[in-house]
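K.L.:
The sequence isn't on hand, but the structure is:
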Ligand code: DX5
């Protein structure tokens, strides 16, 4: 059974009363915030102020996916607003290991993300130091994209390496996740499924999360 992280990219924060209880009742394991700077990716994603707005309304783990250049600029504010973990893209800092330490020093969980156009080996050196290895199954920047099947090979390689080296980081996959692609990702060795449109465009977000959790 995978952990499930609904992405809030499509969440309407004027209708929180409608969808938040559904995600909590479904047992969503974390909520993923898609923070974008319109530079690393050509989009703006979730507003950081909405983290501060939502924090007092739920105890669900807030996982922040930073699709930005210079991610360390965001860490303190995200911590102040209630983030529980921060994942950044490996190629967005000169010294990923030190960047991971900066997140740790602020008391948050850590993650390193691999965009779809990068070789999985790029994140190998950092696996011993992070809680989450995020494999993008689309090119980062937009929701509702088609799942890219070659991502499954990266998950399989990571699974093998993590098991062999007895590392504790979890494999998270994000982009085009639904019941079909989610099942393939779990079979390949993914631990956490991130889903935006499948959950928020579903007629019943609670049912969508429950179905993903049963994979
Ligand atoms: C891409 C975003 C999306 C989002 C989920 O940059 O990170 O992957 O979380 O989008 P869906 O689930 O609609 O593909």
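P.N.:
Nice, I can see it. Not measured: the values here are computed from a predicted model.
K.L.:
Could I get the average pLDDT for stretch 72-81?
P.N.:
In this model, stretch 72-81 has a mean pLDDT of 98.
K.L.:
Give me the buried positions along that stretch.
P.N.:
72, 74-75, 78-79, 81 (16 or more other Cβ atoms under 10 Å). Glycine gets a C-beta too; all of them are placed from N, C-alpha and C.
K.L.:
cool, stretch 99-107 as well?
P.N.:
So, applying 16+ other Cβ under 10 Å, buried residues of stretch 99-107: 99-100, 102-103.
K.L.:
So which residues make contact with stretch 110-130?
P.N.:
Here stretch 110-130 makes contact (Cβ atoms under 8 Å, 6 or more residues apart in numbering) with 63, 65, 67, 85-91, 96-97, 100-101, 103-104, 131-140, 148, 151, 153-154, 157-158, 161-162, 165, 167, 169, 172, 175.
K.L.:
meant to ask about stretch 139-150, not that
P.N.:
The contact list for stretch 139-150 (Cβ under 8 Å, 6+ apart) reads 7, 9-10, 34, 36, 40-43, 67, 89, 113, 115-117, 137-138, 175-178, 181, 184, 196-197, 201.
K.L.:
if you average pLDDT over that stretch, what comes out?
P.N.:
Stretch 139-150 carries an average pLDDT of 98.
K.L.:
is the ligand contacted by stretch 184-196?
P.N.:
Yes. For stretch 184-196, a contact with the ligand is found by Cβ under 6 Å from any ligand atom, at 194-196.
K.L.:
Please consider this matter closed, and thank you.
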